[in-house]
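Here is a sequence with its predicted model. Questions after.
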Amino acid sequence: MKKEVLTQNKESWNTVAHHFNGVDALPSYGPFSQTEDELNLFGDVTNKKVLEIGYGSGHSLRYMANAGASELWGVDLSLNQKRTAEQTLADLKTHLYCAPMEEEIGLPANYFDVVYSIFAIGWTTDLEATFKLIYSYLKKGGSFIFSWDHPLYVHLKSNNGQITLTGSYQEEGPHTFLNFKGEDAAMVIQKRKMSTYINQLITAGFTIQEVIESDVSENDKKGEVAISDRYYSLYKARKFPATMIIKAVK
Ligand SMILES: C[S@@+](CC[C@H](N)C(=O)[O-])C[C@H]1O[C@@H](n2cnc3c(N)ncnc32)[C@H](O)[C@@H]1O
């Protein structure tokens, strides 16, 4: 089942990759979220070895290079994303792998100062295995920082600005979308509760340093906001966090 999901998702990510060129990349943590400039979770990354899980178009790794990181590593499921990232990072030495984050691919253990992931971790078919692998890649004292949809956000529906709860937050497991980004690209996404992310981090051995249910950024707090029923909207994000961000330490 896991293999089938990964095969399906890989094919679909190859189809939709072009929609994600420079989207959800640092300093952004995700839609209508506070930014790294505001949160400063990474601190000084000068001469740090960094690994990105789900590097997409490579723009977050570019951000890390500009901030002085000494080694740029990444894992992503999609070959098309890898090709795009190679272009984004063409002038830099990188170690980019095309592989599922939940599989052991021989990345060095006890090696990285920082492992991070911007809007990719929730795609894993095996959160427990993924967090255990990430824990193994980090040096003692190293940080793991990731952002993802706030787990309750998917249940908030806006109708003429009236926000209601739909579906069941209690139900976890796979959900299939037949179309993604308007493309004929079926994706299977895993729905998990906030506590599942936190408890799996603890099980993997991490110490949780910070959990952020992101507010909108300072600029987006100003002025009136028009009612919007879109999935991601400033209107909704001003009332409820669209993004969760967690920083954990080995
Ligand atoms: C929203 S994009 C991340 C964008 C990225 N942060 C950037 O800076 O461009 C999500 C990424 O997760 C990758 N992905 C999905 N499932 C994955 C898996 N099981 N293992 C590794 N990568 C995966 C996709 O190929 C996609 O590139």
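Structure's in. What do you need?

and the spatially closest residue to residue 201 that is not a sequence neighbour, how many neighbours?
Closest residue to residue 201 apart from its sequence neighbours, by C-beta to C-beta, 6 or more residues apart in numbering: residue 248 at 5.0 Å. Where you see a C-beta, it was placed from the backbone N, CA and C, and this is true even at glycine. When neighbours are counted by other C-beta atoms under 10 Å, residue 248 registers 26.

Residue 248 and residue 200 touch, don't they?
No. Counting by C-beta atoms under 8 Å, residue 248 sits too far from residue 200 to count as a contact (10.4 Å).

Could you check how far the nearest residue to residue 148 once chain neighbours are set aside is from residue 11?
Of all residues not flanking residue 148 in the chain, residue 122 sits nearest, at 4.4 Å (C-beta to C-beta, 6+ apart). Between residue 122 and residue 11 the distance is 19 Å, computed by C-beta to C-beta, to the nearest Å.

Compare those two and say which one has the larger neighbour count.
Between residue 122 and residue 11, residue 122 has the larger neighbour count (other C-beta under 10 Å), namely 19 against 14.

if I read this right, the more buried one contacts residue 193, doesn't it?
No. With contact defined as C-beta under 8 Å, residue 122 does not count as touching residue 193 (11.7 Å).

Enumerate every residue touching residue 158.
227-230, 233, 235-236 (C-beta atoms under 8 Å, 6 or more residues apart in numbering).

got a winner among those residues for most neighbours?
residue 236 (24 neighbours).

gap between it and the ligand?
The gap separating residue 236 from the ligand is 19 Å, by C-beta to the nearest ligand atom, to the nearest Å.

My guess is that residue contacts residue 154. True?
No. Taking contacts as C-beta under 8 Å, residue 236 lies outside contact range of residue 154: 11.5 Å.

residues in contact with residue 161?
Listed by C-beta under 8 Å, 6+ apart, the contact set of residue 161 reads 227-229, 235.

Repeat that for residue 212.
Applying C-beta under 8 Å, 6+ apart, the residues near residue 212 are 34, 39, 244-247.

Next, format those as CSV and append distance to the ligand.
Shown next, in CSV, are the contacts of residue 212 (distance: C-beta to the nearest ligand atom, whole Å):
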residue, distance to the ligand
34, 16
39, 16
244, 15
245, 13
246, 15
247, 16
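
What residues sit buried inside stretch 220-229?
residue 225 (16 or more other C-beta atoms under 10 Å).

Show residues contacting that stretch.
Contact with stretch 220-229 is made by 32, 157-161, 215, 234-238, as judged by C-beta under 8 Å, 6+ apart.

For residue 35, list each beta-bridge partner.
residue 28 (DSSP bridges).

Assess the claim that it and residue 217 are in contact.
Yes. Using C-beta under 8 Å, residue 35 is in contact with residue 217, at 5.7 Å.

Distance from the chain centre to stretch 69-85, please.
From the chain centre to the centre of stretch 69-85 is a distance of 14 Å (C-alpha atoms, centre = their mean, to the nearest Å).

wait, does that stretch contact the ligand?
Yes. Contact of stretch 69-85 with the ligand (C-beta under 6 Å from any ligand atom) involves 75-78, 81.

Looking at these, which are in strands?
Counting by DSSP state E, the members of the residues of stretch 69-85 next to the ligand that fall within strands are 75-76.

for the residues of stretch 69-85 next to the ligand, which one is nearest residue 176?
residue 77 (16.7 Å; C-beta to C-beta).

any idea which helix or strand carries the closest residue to that closest one other than its chain neighbours?
Nearest in space to residue 77, with sequence neighbours left out and distances taken as C-beta to C-beta, 6+ apart, is residue 10 at 5.0 Å. Counting by DSSP states H and E, the element that carries residue 10 is helix 2-16.
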